[in-house]
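A.B. asks: Predicted coordinates and the sequence they were generated for:
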Amino acid sequence: MQKIELSSFVRQGALEVGFDACGLAKAEELSEDADYLKQWLTEEKHGDMYFLTQNFEKRTDPRKLVPGCKSVVAVLLNYFPAKVQNSTAPQIAKYAYSAVDYHFVIKEKLKQLEQKITEKFGSEIVTTDFQHTFVDSAPVLERRWAQRAGLGWIGKNMQLINPGLGSFVFIGILMLNAEAEYDEPIPNRCGTCSRCIDACPTKALDNTGLNATKCISYLTIESKHGINSQFNPLLSNYALGCDICGNVCPWNKKWATAHQHNELSPVNPDFENESVLDWNAETWQQVSKETFNRVFKNSAIKRAGYEKLKQNIEVLKNSGKFEQ
Ligand code: B12
Ligand code: SF4
Ligand code: SF4
C-alpha cells in the first residue's frame, strides 16, 4: 500500500461521509504538550475536571492509548448555525443547539469512514482490541492533533481555527495502524490580535492559555460546586457554555458560514418540532424535569442535566440578566 494512496483515500472518504475537512498526522509522543499539560494541572487550572488528571501517558502519546497505531486522522464538522437564539433569551452555546448530540453524529460518520477504509485496505488497518475512534470524551488532545494534521492553528482563544471554516467546528479522531503521507501544520495567524483575551468577561484567557476554572463554559457545565458567586454578574446571559471568544474572532467573521448538516438541526421532530432557539427566559423557568428530558432527550443540553441548567438560569435571573 502506497502511503499517498492511503492519505488521499482517507481525505476523500471523510468528505464523502459528510465531514468538512480531514488531515493526517504521524502518531507520536506530544512531549511539549505533556510539559504544558503537567504545568496546567499543577496550577489546578482544570478545577473539578478530575478526568483530565487521569491517563496522562495515554493522553500525551496515542500509541499508548491505541497500541499499534501509527497515524492519527483528524476530521472537522462545521456547526456554525444559520439561525441563532434571540439575544434576550438565556444563551445556549452553539455547539449544543442540535436536537441530536454531536457526539452521536460524529461517531456515526467516523464509523462510516472506518468502514470505507477497512473495505479498501483490510481490517488490520485498525485495531479491533481497543477503541480507536474518538470525539471529546477520551484522553486525546484533539485540538493538537487537528493542528498537527494541518487543519488549522490553535488561537489565543484556545480554539482550533480552520482557514475556510473558522473555529465553530467539532473535531473527531480516528487512529490507523498504518503509516501514511502526512499533512503540514499551518502557521498561527493570530498575530498581534488579542480580541478574544480582551472580550472574555471572566478573564479566563491570557497569553499563556486558559484557566478553565474561570471559563463560563466550565462554570455552567462542568463545575460540581455551582458557580462561584464572584462570576455571577459576568456570565453575559450564558446558561450553558459560552461562545464569546469565538464570536469576536475576526477569522470567524471572515470564514464561519452556516453548516448544511441536517443531522445538526435544532428541531426535534420527536417532540412537537420543539427547538431550543425558541426558548426564552419564561420557558426555561417553567419547564418541568419531565418535559426537559423529553425535549432534549438526545441532545448535548441533556448531558449538562436539568438541575444544573435550572441552577444556571436562577443565577442569571438573580443577577438581573432577564425580565421576570
Ligand atoms: C476539557 C474540555 C473543555 C474544558 C476546558 C477547556 C480547555 N481549554 O482545556 C471547558 C469546559 C472549559 C471547555 C470549553 C469549551 N470547549 Co471543550 N473540550 C474539552 C476537552 C474534553 C479536553 C480539552 C483538554 O484536554 N484540555 C486540557 C488543555 C490543557 O488542553 P488543550 O486545551 O487541548 O491545550 C493543549 C494544546 O492547546 C497545547 N497548548 C496550549 N497552549 C500551549 C502553549 C504551549 C507553549 C504549548 C507547548 C502547548 C500549548 O497544549 C495543551 C495540552 O496539549 C476537549 C476534547 C478533547 N478530548 O480534546 C473539548 C474541546 C476542546 N472543546 C471544544 C469546544 C467546542 C469547547 C467550547 C467552544 C464549548 C462552548 N461553546 O462552551 C468551549 C471553549 C472554551 C475555550 N476557550 O477553550 C472542542 C474544540 C473545537 C475547536 N474548534 O477547537 C473540543 C475539541 C471538543 C470536540 N471534539 O470538538 N472544554
Ligand atoms: S468560552 Fe467564554 S469564558 Fe471561556 S474563555 Fe471563551 S470568552 Fe472566556
Ligand atoms: S480573536 Fe484574535 S487573538 Fe483571538 S483567536 Fe481570533 S485572531 Fe487569535
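C.D. replies: All right, it came through fine. Ligands and ions are numbered 1, 2, ... in the order given.
A.B. asks: Run a quick neighbour tally on S288.
C.D. replies: 9 (other Cβ atoms under 10 Å). Where you see a C-beta, it was placed from the backbone N, CA and C, and this is true even at glycine.
A.B. asks: Repeat that for D129.
C.D. replies: 8.
A.B. asks: what kind of secondary structure is it in?
C.D. replies: Secondary structure, DSSP: H, G, I helix; E, B strand; the rest coil: D129 is coil.
A.B. asks: Backbone torsions only: list them for it.
C.D. replies: Backbone torsions of D129, given as degrees, to the nearest 10, read phi -80, psi -20.
A.B. asks: distance of the most centrally placed residue in the chain from L151?
C.D. replies: In the chain, the C-alpha nearest the mean C-alpha coordinate belongs to F170, at 4.8 Å (Cα atoms, centre = their mean). Noted for F170: a distance of 12 Å to L151, by Cβ to Cβ, to the nearest Å.
A.B. asks: what do the two both touch?
C.D. replies: L76 (Cβ atoms under 8 Å, 6 or more residues apart in numbering).
A.B. asks: Give me the neighbour count for the closest residue to ligand 3 within the stretch 151-300 of the chain.
C.D. replies: Of the stretch 151-300 of the chain, the residue with the smallest distance to ligand 3, taken as Cβ to the nearest ligand atom, is G155 at 2.7 Å. Close neighbours of G155, defined as other Cβ under 10 Å, add up to 22.
A.B. asks: Pairing-wise in the sheet, spell out the partners of the residue nearest to it when sequence neighbours are not counted.
C.D. replies: Nearest residue to G155, sequence neighbours excluded (Cβ to Cβ, 6 or more residues apart in numbering): I161, at 4.9 Å. Taking DSSP bridges as the rule, I161 bridges to W153.
A.B. asks: Would you agree I161 is in contact with L151?
C.D. replies: No: I161 lies out of contact with L151 (Cβ atoms under 8 Å); the separation is 9.4 Å.
A.B. asks: Next to ligand 3 in this structure, residues from the stretch 101-250 of the chain, please.
C.D. replies: Within the stretch 101-250 of the chain, the positions near ligand 3 by Cβ under 6 Å from any ligand atom are G155, K156, N157, C190, C193, S194, R195, C196, V248, C249, P250.
A.B. asks: Give me the buried entries from these.
C.D. replies: G155, K156, N157, C190, C196, V248, C249 (16 or more other Cβ atoms under 10 Å).
A.B. asks: Please, which helix or strand holds the second one?
C.D. replies: Meaning K156. Using DSSP states H and E, K156 falls within no helix or strand.
A.B. asks: where's it relative to T283, distance?
C.D. replies: 36 Å.
A.B. asks: before we move on, what about Q2?
C.D. replies: Q2 is 56 Å from T283, by Cβ to Cβ.
A.B. asks: So if I had to pick from the two, which one is more boxed in?
C.D. replies: The neighbour comparison of Q2 against T283 (other Cβ under 10 Å) goes to T283, with 15 against 10.
A.B. asks: ok, D206 - contacts?
C.D. replies: Here D206 is in contact with I197 (Cβ under 8 Å, 6+ apart).
A.B. asks: Look up the residues forming beta bridges with it.
C.D. replies: G209.
A.B. asks: what's the distance between it and C245?
C.D. replies: Applying Cβ to Cβ to D206 and C245 gives a distance of 12 Å.
A.B. asks: Would you check that L277 makes contact with V84?
C.D. replies: Yes: the criterion here is Cβ under 8 Å, and L277 meets it with V84 at 7.3 Å.
A.B. asks: can you give me the helices for the stretch 201-324 of the chain?
C.D. replies: With DSSP state H, counting those that start in this stretch as the criterion, the stretch 201-324 of the chain has helices at 216-217, 244-247, 250-255, 281-286, 289-295, 300-304, 306-318.
A.B. asks: The shortest one near ligand 2 at all?
C.D. replies: When you say that, I think you mean helix 216-217. Yes: using Cβ under 6 Å from any ligand atom, helix 216-217 comes into contact with ligand 2 via I216, S217.
A.B. asks: Within range of ligand 2, give me the residues from the stretch 51-200 of the chain.
C.D. replies: N157, C200.
A.B. asks: ranges for the strands of the stretch 51-200 of the chain?
C.D. replies: 71-78, 91-92, 133-134, 153-154, 160-161, 169-176 (DSSP state E, counting those that start in this stretch).
A.B. asks: between the first one and strand 169-176, how many degrees?
C.D. replies: Read that as strand 71-78. 160 degrees (axes from the mean of the first three to the mean of the last three Cα atoms, to 10 degrees).
A.B. asks: so what's the residue nearest to the centre of the chain up against?
C.D. replies: Neighbours of F170 in contact, by Cβ under 8 Å, 6+ apart: L76, L77, Y79, Y95, Y102, I106, V135, D136.
A.B. asks: Hmm, the fourth one is touching A300, no?
C.D. replies: What that stands for is Y95. Yes: counting by Cβ under 8 Å, Y95 touches A300, with 6.7 Å between them.
A.B. asks: Need the overlap of contacts for these two.
C.D. replies: Common neighbours of Y95 and A300 (Cβ under 8 Å, 6+ apart) are Y102.
A.B. asks: circling back to that earlier point, how close does the residue nearest to G155 get to K254?
C.D. replies: 10 Å.
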